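Engineer: Provide a 3D model corresponding to the input given below.
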Amino acid sequence: MKVKHFRGPRLFIASVAQGRTILRGFWILVCRWKFFSLGLFALALGLGALVWPHDQSLLGRLHFWPAEQERVARRIAWFLGTWGDYPTYNLPLAVLIWLYGVWKKSSAWRRVAMICFLGASLAGLFDDCFRLTLGRPRPDTHMHDGFYGITYAFSGGFQSFPSGHAAAVFGTAAALLVTDLPLGLITTAFALAVIWARMEIYRHYPSDVIVGSIIGLYFGWMVGFGAKLRLPRPLPQNHRS
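Structural biologist: As a prediction, this is how the structure comes out:
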């Protein structure tokens, strides 16, 4: 009688190897497209600066619902804002795709899961470098707008700019748009719903979600296209000399 061995550890190790290859492609693109990267981040900062003076008025225009509809909209927004976060959405989504790949015995789907995971993770980590140091108060704190610095950034309500939710959800969406269009379109629609929700419940200003979304799009695209690069294989040991 044949004994079926549990393939989980072996498949996990194979996925880690896939992730390393994807990161290699990502880094090659970052180095190759330096001016594109600088231009995109300059665009993000420029748009953020243009929208910044109008944040309060734009935020007010989002709340156009009649009283009863506004209550429903806020309930929906709280649901989307709560579940559209990295630990409750991006990470579980990557795990589900990976498990689907295990079930279907598909290396391609396990690779999609790694792309999904890396797109959201890299975007979120980059976003956190600024969100956790600039210290912009959230709209619902009703504090004077501005940057209060790293001293306040770790206090509750001072992590508004850029939006971490926007970076993570668009990191996933952009990566999947490149690698699996139908799934990418679904996650893009969800990403748009999440950034609306974060403004609807006064957790972010428009400039927060604009800059956060561009960060997510950049890292998602770079991971997705980096995964498609044909990387040169290392020479065998006996040819290295």
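Engineer: I figured Arg203 hits Pro137, correct?
Structural biologist: No. Counting by C-beta atoms under 8 Å, Arg203 does not reach Pro137; the two are 11.0 Å apart. In short, each C-beta sits where N, CA and C put it, glycine included.
Engineer: Now do the shared contacts for those two.
Structural biologist: Common contact partners of Arg203 and Pro137 (C-beta atoms under 8 Å, 6 or more residues apart in numbering): Ser160.
Engineer: Find the residue at the geometric middle of this protein.
Structural biologist: Ala168 (2.0 Å; C-alpha atoms, centre = their mean).
Engineer: host element of it?
Structural biologist: When elements are assigned from DSSP states H and E, Ala168 belongs to helix 164-179.
Engineer: Show me what the helix or strand just after that helix is packed up against.
Structural biologist: With elements assigned by DSSP H and E, the helix or strand that comes after helix 164-179 is helix 181-200. Judged by 3 or more C-beta pairs under 8 Å, 6 or more residues apart in numbering; DSSP states H and E, the packing partners of helix 181-200 are helix 67-83, helix 164-179, helix 206-228.
Engineer: ok, and the helix or strand in the chain with the lowest average confidence?
Structural biologist: Least confident helix or strand of the chain, by mean pLDDT, DSSP states H and E, is helix 150-153 with a mean of 80.
Engineer: helices or strands up against it?
Structural biologist: Looks like helix 150-153 contacts helix 107-134 (3+ C-beta pairs under 8 Å, 6+ apart).
Engineer: by how many degrees do the helix holding Ala168 and helix 67-83 diverge?
Structural biologist: Per axes from the mean of the first three to the mean of the last three C-alpha atoms, to 10 degrees, the angle that helix 164-179 makes with helix 67-83 is 70 degrees.
Engineer: wait, Trp221 sits on Leu176?
Structural biologist: No. Taking contacts as C-beta under 8 Å, Trp221 lies outside contact range of Leu176: 10.8 Å.
Engineer: Settle it for me: which of those two has more neighbours?
Structural biologist: Set Trp221 next to Leu176 and count neighbours by other C-beta atoms under 10 Å: Leu176 wins out with 25 against 20.
Engineer: give me every residue that touches the more buried one.
Structural biologist: 112, 115-116, 119, 183-184, 187, 220, 224.
Engineer: So which of those residues is surrounded by the most neighbours?
Structural biologist: Gly119 (37 neighbours).
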